[in-house]
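Participant: Let me see the structure of the following:
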Amino acid sequence: MLALFALVTVVLVAVAVHAVRQLNRTVTASDWVNRTHALINELEGIAAATQSAEGSLRIYALTRDPRDLAAGRRSQVRLADHLEVAGALARDQAETARQVARLATLAESRSAFARELGSAPPESLATLFAVDAANTAVEELLRLVERLVTEQMNLLALRDQESFLQAQATRWTIGLGVAINFLLLAAGAWLIRDDILMRRRAADAMAAANAQLESRVQARTAELSAANDRLNLENLERRWANQALEHQLRYNHLIINSITDLVFVITKVANISRINPAVEHDTGWLAKDLINRPLPELVRLTAGDLPLQRGLKEGHDLRDLPATLLRSEGGEIPVRFTFYPLRDGNNVVGGVVILNRATA
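Facilitator: Prediction:
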């Protein structure tokens, strides 16, 4: 069965690939045909604009009416537009692009003649036209346009013939692929009939096994339900414990903020990270001026900074050391300095400094 369906798949893929390639060729051919028709229209527009411009210029030579000269110039502007579009359409065809460039050269020569007519005095127009009578630029331009149109029409005819042959080949390919797949699917249906009988016997055996499995699933579901109830109870107890811890932390903050001693929380490098309100009250410093500021700039131990550095490094307590506290207005307050290290596991990560004025 696998080999049969693999063969069907191969045939389908081959037919699909061929159809897609033919479709891409058809799309490409359609684009080319549309571009060719557009090029033909532009070439015909070039011829019409050239004839219109030449007619207006000759009428101007007879009437001396500036409106005729203006009409000729408008026709030449349309001629330039048609040439620009035709050049863009023919850029993929080297020979056609070269011939369109020749058309542009001829058209530019006629534009120069029109500009010469516009700037010439009326009495010299007849002379200019007499001299221009020997100029074959217009005839050459029209012949070249006609030849280009004929070439493009011949190319369209050849492309139509190629499209017809490609369509015929596609129809034969798809028809043959469908016929082969039909035969293969018929053989597959015969094999599937035998397979269905075997599957029915297997389904009966599976139904008996499913009945046993269902009873096991029910027992397992009951166990999971009981385990889920236990987890919900544990989560509830954990949530209560977390709430109690949050309440305790809030109470600790309230206690620290309510005492009259000055409390500083410092980092490993002795920078201030937190203070209690008593610091602002006694020193006049604001919290925003003290945070991240080194503590030794504000509190000076009588014994120097060495005891504090050792306490931060080795994790020793410092109790009741004499020190002075710098006030914001410049005065100093004598205090008693106490330090307790803060640990994260076995590492000292900072400390708490308490300054007491009562025994200063």
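Participant: which parts of stretch 46-65 are buried?
Facilitator: Residues 46-47, 49-50, 52-54, 56-57, 59-61 are the ones in stretch 46-65 that count as buried (16 or more other CB atoms under 10 Å). Any C-beta I mention is one placed from the backbone N, CA and C, and that applies to glycine too.
Participant: Extract the CA atoms of that stretch and return them as CSV.
Facilitator: The C-alpha trace of stretch 46-65 is given here as CSV (Å, rounded to 0.1, in the frame of the first residue of the first chain):
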residue,chain,number,x,y,z
ILE,A,46,4.6,57.7,-32.4
ALA,A,47,3.5,57.6,-36.0
ALA,A,48,0.2,59.5,-35.3
ALA,A,49,2.0,62.2,-33.2
THR,A,50,4.7,62.6,-35.8
GLN,A,51,2.1,63.1,-38.6
SER,A,52,0.1,65.5,-36.4
ALA,A,53,3.2,67.6,-35.6
GLU,A,54,4.4,67.8,-39.2
GLY,A,55,0.9,68.8,-40.3
SER,A,56,0.6,71.5,-37.7
LEU,A,57,4.0,72.9,-38.7
ARG,A,58,3.2,73.0,-42.4
ILE,A,59,-0.1,74.8,-41.6
TYR,A,60,1.8,77.3,-39.5
ALA,A,61,4.1,78.0,-42.5
LEU,A,62,1.0,78.9,-44.5
THR,A,63,-1.1,80.7,-41.8
ARG,A,64,1.6,82.2,-39.6
ASP,A,65,-0.9,81.5,-36.7
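Participant: which residues of the protein fall in helices?
Facilitator: Here the chain has its helices, by DSSP state H, at 2-63, 66-89, 94-119, 125-132, 137-258, 277-283, 287-290, 306-314.
Participant: Dump these to a markdown table, plus distance to residue 320 and mean pLDDT.
Facilitator: Below are those laid out as a markdown table (distance: least, CB to CB, whole Å; pLDDT from 0 to 100):
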| stretch | distance to residue 320 | mean pLDDT |
| --- | --- | --- |
| helix 2-63 | 90 | 79 |
| helix 66-89 | 95 | 86 |
| helix 94-119 | 100 | 83 |
| helix 125-132 | 119 | 68 |
| helix 137-258 | 19 | 82 |
| helix 277-283 | 18 | 87 |
| helix 287-290 | 23 | 87 |
| helix 306-314 | 12 | 86 |
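Participant: Compare those helices and give me the one nearest residue 324.
Facilitator: Residue 324 lies closest to helix 277-283 among the helices of the chain, at 11.5 Å (CB to CB).
Participant: For that closest one, give me every contacting residue.
Facilitator: 257, 259-264, 285-287, 290, 298, 325-328, 333, 357 (CB atoms under 8 Å, 6 or more residues apart in numbering).
Participant: and of the helices of the chain, who's closest to residue 346?
Facilitator: Comparing the helices of the chain by CB to CB, helix 306-314 comes nearest, at 11.9 Å.
Participant: quick one on the thing from earlier: and the helices of the chain as TSV, adding distance to residue 271?
Facilitator: As requested, the helices of the chain are exported to TSV (distance: least, CB to CB, whole Å):
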stretch	distance to residue 271
helix 2-63	71
helix 66-89	71
helix 94-119	77
helix 125-132	96
helix 137-258	19
helix 277-283	15
helix 287-290	10
helix 306-314	11
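Participant: nearest to residue 340, of the ones you listed?
Facilitator: helix 306-314 (8.8 Å).
Participant: List the buried residues for the closest one?
Facilitator: Buried residues in helix 306-314 (16+ other CB under 10 Å): 307-308, 311-312.
Participant: same question, stretch 256-267
Facilitator: For stretch 256-267, a neighbour-count test (16+ other CB under 10 Å) marks 256, 261-267 as buried.
Participant: Need the worst-confidence member of those residues.
Facilitator: Least confident of the buried residues of stretch 256-267 in the model: residue 256, at 72.
Participant: Now that residue. Nearest residue, chain neighbours left out?
Facilitator: In space, and not counting its chain neighbours, residue 256 is closest to residue 276: 5.2 Å by CB to CB, 6 or more residues apart in numbering.
Participant: doesn't residue 254 make contact with the one you found?
Facilitator: No: between residue 276 and residue 254 there is no contact under CB atoms under 8 Å: 10.5 Å.
Participant: Between the two, tell me which one has more neighbours.
Facilitator: residue 276 (21 against 9; other CB atoms under 10 Å).
Participant: do you know how far that one is from residue 337?
Facilitator: Using CB to CB, to the nearest Å, we find residue 276 at a distance of 16 Å from residue 337.
Participant: Please apply the same query to residue 54.
Facilitator: Note on residue 54: its distance to residue 337, by CB to CB, is 109 Å.
Participant: okay but residue 315 is in contact with residue 341, surely?
Facilitator: Yes: judged on CB under 8 Å, residue 315 makes contact with residue 341 at a distance of 4.4 Å.
Participant: Find residues that contact each of the two.
Facilitator: By CB under 8 Å, 6+ apart, the residues touching both residue 315 and residue 341 are residue 348.
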